[in-house]
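Student: Just the structure for this:
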Amino acid sequence: MAEISFVQRWLTIIGIGEDGPAGLGDEAKQLIASAPIIFGGERHIELMSPVITGETHQWLSPFERSVEAVLARRGEPTVVLASGDPFFYGVGATLSRGIPASEMSVIPAPSSFSLAASRLGWPLQEITVLSLHGRPINLIRPHLHPGRKILALTSDGKGPADLAALLQASGFGQSELMVLEALGGPHEKASRQTADDFALSGVNDLNICGVEVKAGAGARILSLSAGLADELFEHDGQITKREIRAMTLSALAPRHGELLWDIGAGSGSVGIEWMLADTSLRAIAIEASSERAARIRRNTANFGVPGLTVVEGEAPDALAGLPVPDAIFIGGGGSDAGVLDASIDQLRKGGRLVANAVTTEMEALLLAEQARRGGSLIRIDIARAAPIGRMTGWRPAMPVTQWSWIKP
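Tutor: Modelled structure (predicted):
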């Protein structure tokens, strides 16, 4: 059996709290005191100034410059100061992308989430934990379900008020909002208000919000299942309808970390629901209409998936240079010259392609491809009850032919 060879652990990452040296053990304080070079934020360095004897370097903007400076010291003793747990939305996660674990020692402190949970008496394994620090506040939207408890780290003192405004606008104004400031330090403070009555000012920039979600009438609740109501999307009629969308997502079969191309995205509904299935999923919506592309961007914000990328342009030309997809959905423009062939060419081996047809031209193309390449064909016929005079009858929707194929 081969032995694992470890190089010198030249980098030490130490998590600190708002109580500074008082919250650290002897080992951590000794490592900081003996370090020739220390990196950290201005607040970190100020908190630890009674212990520091070496040269200090504050984080630079953009942060990548500081990462390069740390990497340039490879093999030389270096200490990095971090907030709380460095590997929970912290600098440790960033540095580990370029530095293997065998080259670093890490001494974590309780994260702000752990401190907040302990103050509120909320078991961490039973709640939703989100970092909105430097991230769009809309990321909280998919998690707004009645009865759910959420801990959300905000970016600054305005964060709690912005969060309260979002809750109000989405029909969750009755939710309880607990603002926990400067946790673990001498200026720690806690406040509780409903989102509707939120009037807190002068909030410390270091804050985390606890949300007990309560829904009012008409609250915008995003179901956990595929096939969200069409009315939740902004669209001009170009949308994969709810029932068809649910079957389409089932055929696309999203898996952890995968990338979807949504070609002819229309309202972006398929790509949006793909990303809602798991936070690791990615999607690119390709749409030729600038008006619809703008609509997709608004939908991504309203559904809390701002990471969905919108590419404005016509396929197949707009596909050039895009990252290789794990799955492709063709909902519009599939019968245009070269679109299907380009999609098949660029799909990775083992990837899934799903194409829907409502026109006879697209259906003929899918029938020919299935005969040539295999895969499965299904025909989806949906009828909805609708008034007929004073009575009710079935009104059929346009049938959809769906081809699903896995690239060998």
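Student: tell me the secondary structure for Ala386?
Tutor: With DSSP: H, G, I helix; E, B strand; the rest coil as the basis, Ala386 sits in strand.
Student: Isn't it up against Pro396?
Tutor: No: counting by CB atoms under 8 Å, Ala386 sits too far from Pro396 to count as a contact (10.0 Å). Glycine gets a C-beta too; all of them are placed from N, C-alpha and C.
Student: For stretch 150-164, give the mean pLDDT please.
Tutor: Averaged across stretch 150-164, pLDDT comes to 97.
Student: where do the helices sit along the protein?
Tutor: 26-34, 42-47, 63-71, 91-95, 112-120, 159-169, 242-252, 269-276, 290-302, 339-346, 360-373 (DSSP state H).
Student: Buried residues of stretch 361-370, list them for me.
Tutor: 362-363, 365-366, 369-370 (16 or more other CB atoms under 10 Å).
Student: pLDDT (mean, whole number) over that stretch?
Tutor: Mean pLDDT, stretch 361-370: 95.
Student: which residues are contacting that stretch?
Tutor: 334-335, 340, 355, 357, 375-377, 401, 403, 405 (CB atoms under 8 Å, 6 or more residues apart in numbering).
Student: switch the cut-off to 7 Å
Tutor: For stretch 361-370, contacts defined as CB atoms under 7 Å, 6 or more residues apart in numbering pick out 334-335, 340, 355, 357, 377, 401, 403.
Student: Which ones among those residues lie within strands?
Tutor: Taking DSSP state E as the definition of strands, those contribute 355, 357, 377, 401, 403.
Student: quick one: contacts for the first one?
Tutor: Think Ala355. 330, 334, 366, 403.
Student: do that again at 10 Å, thanks
Tutor: Contacts for Ala355 (CB atoms under 10 Å, 6 or more residues apart in numbering) come out as 248, 251, 263-264, 328-331, 334-335, 339-340, 343, 362, 365-366, 369-370, 375, 401-405.
Student: For Trp403, give me its contacts.
Tutor: If a contact means CB under 10 Å, 6+ apart, then Trp403 has 251, 330, 334, 340, 353-357, 362-363, 365-367, 369-370, 373, 375-378 as its contacts.
Student: Quickly list what it is bridged to.
Tutor: Here Trp403 sits in beta bridges with Ala355, Leu377, going by DSSP bridges.
Student: Relative to Gly307, how far out is it?
Tutor: For Trp403, the distance to Gly307 equals 28 Å [CB to CB, to the nearest Å].
Student: count of residues packed around Ile140?
Tutor: Other residues within reach of Ile140, judged by other CB atoms under 10 Å, total 23.
Student: hang on, isn't it packed against Leu166?
Tutor: Yes: contact between Ile140 and Leu166 holds when scored by CB atoms under 10 Å: they sit 7.0 Å apart.
Student: which residues touch the residue nearest to Tyr89 when sequence neighbours are not counted?
Tutor: Nearest residue to Tyr89, sequence neighbours excluded (CB to CB, 6 or more residues apart in numbering): Ser131, at 4.2 Å. Shown in contact with Ser131 (CB under 10 Å, 6+ apart): 88-90, 112-113, 139, 151-155, 208.
Student: and of those residues, the nearest to Ile38?
Tutor: Lowest distance from Ile38 to those (CB to CB) belongs to Gly90, with 16.3 Å.
Student: Quick one: residues contacting that closest one.
Tutor: 13, 15, 82-84, 108, 111, 131.
Student: give me that answer again for 8 Å
Tutor: 15, 82-84, 111.
Student: what does Val305 give?
Tutor: Contacts for Val305 (CB under 8 Å, 6+ apart) come out as 142, 272, 275-276, 283.
Student: Same check on Pro254?
Tutor: So Pro254 contacts 260, 274, 277-278, 281, 327 (CB under 8 Å, 6+ apart).
Student: re the thing from before, out of the contacts of stretch 361-370, grab the one that's most surrounded.
Tutor: Ala355 (28 neighbours).
Student: if I look at that residue, how far off is Leu259?
Tutor: 18 Å.
Student: again, but for Gly332
Tutor: Remark: distance between Gly332 and Leu259 (CB to CB) = 19 Å.
Student: And for Ala357?
Tutor: From Ala357 to Leu259 the distance is 24 Å (CB to CB).
Student: Just list whatever residues bridge to Thr194.
Tutor: Going by DSSP bridges, Thr194 forms beta bridges with Glu176.
Student: Surely it and Phe172 touch.
Tutor: No: using CB under 8 Å, Thr194 is not in contact with Phe172, being 9.9 Å away.
Student: Those two: who's more crowded?
Tutor: With neighbours defined as other CB under 10 Å, Thr194 and Phe172 compare such that Phe172 has more, 27 against 17.
Student: Out of the helices of the chain, which one sits most buried?
Tutor: Mean neighbours per residue, mean count of other CB atoms under 10 Å, is largest over those for helix 269-276, with a mean of 27.
Student: now that one and helix 242-252, what's the angle there?
Tutor: Relative orientation of helix 269-276 and helix 242-252, computed by axes from the mean of the first three to the mean of the last three CA atoms, to 10 degrees: 60 degrees.
Student: angle of helix 269-276 against helix 290-302?
Tutor: If you take the same axes, to 10 degrees, helix 269-276 sits at 30 degrees to helix 290-302.
Student: Report the mean per-residue pLDDT for stretch 51-70.
Tutor: Per-residue scores along stretch 51-70 average to 94.
Student: Tell me which residues are up against that stretch.
Tutor: By CB under 8 Å, 6+ apart, the residues outside stretch 51-70 that reach it are 11, 21, 29, 32-42, 45, 78-80, 94-95, 98-99.
Student: and with 6 Å instead?
Tutor: Stretch 51-70 is contacted from outside by 21, 29, 32-33, 35-39, 41-42, 45, using CB atoms under 6 Å, 6 or more residues apart in numbering.
Student: With respect to Arg297, which of those is nearest?
Tutor: Gly41 (32.7 Å).
Student: Pull the contacting residues for that closest one.
Tutor: With CB under 6 Å, 6+ apart, Gly41 has these contacts: Trp59.
Student: Kindly state the pLDDT recorded for it?
Tutor: 94.
Student: which residues in the stretch 51-200 of the chain form strands?
Tutor: 55-58, 78-83, 104-107, 128-131, 149-153, 176-181, 189-194 (DSSP state E, counting those that start in this stretch).
Student: now the ones you listed as JSON lines including distance to Glu287?
Tutor: Shown next, in JSON lines, are the strands of the stretch 51-200 of the chain (distance: least, CB to CB, whole Å):
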{"stretch": "strand 55-58", "distance to Glu287": "43"}
{"stretch": "strand 78-83", "distance to Glu287": "40"}
{"stretch": "strand 104-107", "distance to Glu287": "44"}
{"stretch": "strand 128-131", "distance to Glu287": "29"}
{"stretch": "strand 149-153", "distance to Glu287": "31"}
{"stretch": "strand 176-181", "distance to Glu287": "37"}
{"stretch": "strand 189-194", "distance to Glu287": "40"}
